[in-house]
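K.L.:
after the sequence you'll find the predicted model.
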Amino acid sequence: MAAVTGGVLGWILLRLADAGQFDARMWEAFTYRGVQLRILTGVVDTVKAFVLAVVLSMLLGFLFAAGRLSAHRVLRGPAGALVEFFRAVPVIITVFALYATDLLRTCVTAVADLLRNALASPGEWLAANFASPTLWALVIGIALYNGAAQAEILRAGVGAVPRGQFEAGYALGMRKTQVMTVVAMPQAVRTMLPSIISQMVVTLKDTSLGFFIMYEELLYAGKLLAQNTATPYGYPYLPVLCVVGSLYIVTCTLLSYAARRLASRNSYTIPSGHRQRYLMTMTGMVRDRRVRSRESFLEEGRGK
């Protein structure tokens, strides 16, 4: 098997060498300012889609996780169905469906007009840079899938919280919503932070799907460069692929490094006293608020 793989790889390299893809003069195009600006624009558009998708996916993740953890079947059922649906549907299909939807284009156009009329010059800048149907088709499509994945990560994190933490919250008179938001969810996020960041790496790589709807992210910018930059030895497909691939590898490696650092940092045992102190501090605030409200109620009763 290794011999077959090596033979195929050698044949591919020979074909590329015959086409002049390894010639040093193929790389001269990257010394031109226009080519550098095109690549920089692709990087900026990729980061823009990535940041928007991460923010939206985390919001959807918390929303879906809250629904799946709800004690009410009317919330738990639809939330579970949405999570399983968006996890099962390929991201490219969701992106294409949103891109072909007239409703999305109408909404983006309406928001762009609203920004221009309400904010004048800043609104014009926001509309020019963010009011793009292709951008939001990509962002929403990626966020729906990754939001469903983040919801499962958060749900697993809540399940890993010791049961005593919940019982302590209930013993102090907290409702389930307060226990989830004050006690369980902060610990779940801290525990699952490496997995959350690893899923963000997937979100970053998913931005390359904008290539199929002609969103000018990094991969699409590389395609335009390879097709429109002619040299005496042909079109520089391999150099462009190396540059674009290297940029993706660097960014994903940085995010993965951050995930490993957080994993190693969270691997240390946290003294139980710290958790108890945090719990008592947060629940004490809730209890003090209830005491103040009870006292104000009694004072109003005495006044009457």
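P.N.:
Received it, and whenever you're ready, just let me know what you need.
K.L.:
what bits of this protein have low per-residue confidence?
P.N.:
13, 15-24, 232-234, 263, 266-304 (pLDDT under 70).
K.L.:
quick one, what contacts the residue positioned nearest the centre of it?
P.N.:
The structure's the chain has its C-alpha centroid closest to Val54; by CA atoms, centre = their mean the separation is 2.5 Å. Shown in contact with Val54 (CB atoms under 8 Å, 6 or more residues apart in numbering): Asn146, Met200, Thr203. To be clear about C-beta, it is placed using only N, CA and C from the backbone, and glycine gets the same treatment.
K.L.:
now with 10 Å?
P.N.:
Val139, Ile142, Ala143, Asn146, Gln150, Ile196, Ile197, Gln199, Met200, Thr203, Leu204 (CB atoms under 10 Å, 6 or more residues apart in numbering).
K.L.:
any idea how far it lies from Met200?
P.N.:
Going from Val54 to Met200 by CB to CB, to the nearest Å gives 6 Å.
K.L.:
okay, and the common contacts of the two?
P.N.:
Asn146, Gln150.
K.L.:
can you give me the helices for the stretch 101-250 of the chain?
P.N.:
Counting by DSSP state H, counting those that start in this stretch, the segments of the stretch 101-250 of the chain that form helices are 102-130, 133-160, 163-171, 176-178, 185-191, 193-206, 218-228, 237-266.
K.L.:
neighbours around Leu115, how many?
P.N.:
19 (other CB atoms under 10 Å).
K.L.:
state the distance from it to Pro90.
P.N.:
33 Å.
K.L.:
try Leu255
P.N.:
In terms of CB to CB, Leu255 sits 23 Å off from Pro90.
K.L.:
which one's the longest helix in the chain?
P.N.:
Ranked by number of residues, the top helix in the chain under DSSP state H is helix 33-68.
K.L.:
for that one, the distance to its chain's centre please.
P.N.:
6 Å (CA atoms, centre = their mean, to the nearest Å).
K.L.:
cool, stretch 250-270 as well?
P.N.:
Distance of stretch 250-270 from the chain centroid (CA atoms, centre = their mean) equals 17 Å.
K.L.:
repeat for stretch 125-144
P.N.:
14 Å.
K.L.:
rewinding a little: would TSV of the helices of the stretch 101-250 of the chain with distance to Gly77 be doable?
P.N.:
Shown next, in TSV, are those (distance: least, CB to CB, whole Å):
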stretch	distance to Gly77
helix 102-130	26
helix 133-160	14
helix 163-171	23
helix 176-178	18
helix 185-191	21
helix 193-206	24
helix 218-228	39
helix 237-266	33
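K.L.:
of the ones you listed, flag the one that's most buried.
P.N.:
The highest mean neighbour count among these, using mean count of other CB atoms under 10 Å, belongs to helix 133-160: a mean of 23.
K.L.:
and that one, what does it pack onto?
P.N.:
Applying 3 or more CB pairs under 10 Å, 6 or more residues apart in numbering; DSSP states H and E, one finds that helix 133-160 contacts helix 33-68, helix 73-88, helix 91-99, helix 102-130, helix 185-191, helix 193-206.
K.L.:
of these, which approaches Arg155 most closely?
P.N.:
Ranking the helices and strands packed on helix 133-160 by proximity to Arg155 (CB to CB) places helix 33-68 first, at 5.1 Å.
K.L.:
list the buried residues for the closest one?
P.N.:
35, 38-39, 42-43, 45-46, 48-50, 52-54, 56-58, 60-62, 64-68 (16 or more other CB atoms under 10 Å).
K.L.:
relative to helix 133-160, how tilted is that helix?
P.N.:
Interaxial angle of helix 33-68 relative to helix 133-160 (axes from the mean of the first three to the mean of the last three CA atoms, to 10 degrees): 40 degrees.
K.L.:
now do helix 33-68 and helix 73-88, the angle between them.
P.N.:
Helix 33-68 runs at 150 degrees relative to helix 73-88, counting by the same axes, to 10 degrees.
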